[in-house]
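Peer 1: everything below, folded, please.
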Amino acid sequence: MGITVDFHEDGCAIITMRNGQNRWNPTSLKQFKEALDEVERKDSVKILVTTGVGKFYSNGIDLDYLKAHESEREQFSNDLVELFWRLMYFPLPTVAAINGHCFAGGAFFALCHDYRVMRHKMNAEALRESTIFAKRITGPEAVRLKMVDATAAESDLISKSKSVGFEALGSNVIQRVDLHNMKKDLFPRSDVHRKSNL
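Peer 2: Purely as a prediction, here's the structure:
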């Protein structure tokens, strides 16, 4: 369990969330921050892909934790927002390889990446749930709505995500500090965003 980081020879770092539904609580936040630190320390890394295991990418905030730790709510909220901003300003191209359920805070987390690639698997149950009962948005629909940049079969999700990340980088040699600053200029942060109340 936990969060792992794998470094590929092609310059891709993959952070894999392995905490079941991958809900956000202080432990998962700490693990993810440490994973980002590890990626940043490695100069050979060119792109970052994040993913989950099984049927969950991230199901958002750990509400059970929040209910049991009311006094920590504000600190947790601020820490979560800081992680989201850190990812938005990350000095590498970032791609969310959305392998499964991605709801609420998990969806916000995915949106903090530069690009999103969603697993596409339309079986009869998924078709019924999405078209008749409007319970899910499929990969192709998410692309049409411009929520994600691409879809891929489950077996191709990581390779497609890597492809999107390397395509973004192209033949440009963008220094990390320059990419970080360009992202900060594109998505300026004002003081009003620095406090969050969950």
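Peer 1: count of neighbours near the nearest residue to residue 45 once chain neighbours are set aside?
Peer 2: Excluding its sequence neighbours, the residue lying closest to residue 45 (C-beta to C-beta, 6 or more residues apart in numbering) is residue 13, at 4.6 Å. C-beta here means a position set from N, CA and C on the backbone, and glycine is covered the same way. Neighbours of residue 13 under the rule other C-beta atoms under 10 Å: 24.
Peer 1: bridging residues for residue 13?
Peer 2: Counting by DSSP bridges, residue 13 is bridged to residue 7, residue 48.
Peer 1: who's in contact with it?
Peer 2: Neighbour list for residue 13: 5-7, 39, 42, 45, 47-49, 92 [criterion: C-beta atoms under 8 Å, 6 or more residues apart in numbering].
Peer 1: filter those residues to the buried ones?
Peer 2: The neighbour count (16 or more other C-beta atoms under 10 Å) marks 5, 39, 45, 47-49, 92 as buried among these.
Peer 1: in JSON lines: those residues, plus pLDDT and distance to residue 188.
Peer 2: JSON lines is the format used below for the buried ones among the contacts of residue 13 (pLDDT from 0 to 100; distance: C-beta to C-beta, whole Å):
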{"residue": "5", "pLDDT": "93", "distance to residue 188": "29"}
{"residue": "39", "pLDDT": "96", "distance to residue 188": "24"}
{"residue": "45", "pLDDT": "94", "distance to residue 188": "26"}
{"residue": "47", "pLDDT": "92", "distance to residue 188": "24"}
{"residue": "48", "pLDDT": "96", "distance to residue 188": "22"}
{"residue": "49", "pLDDT": "96", "distance to residue 188": "26"}
{"residue": "92", "pLDDT": "93", "distance to residue 188": "20"}
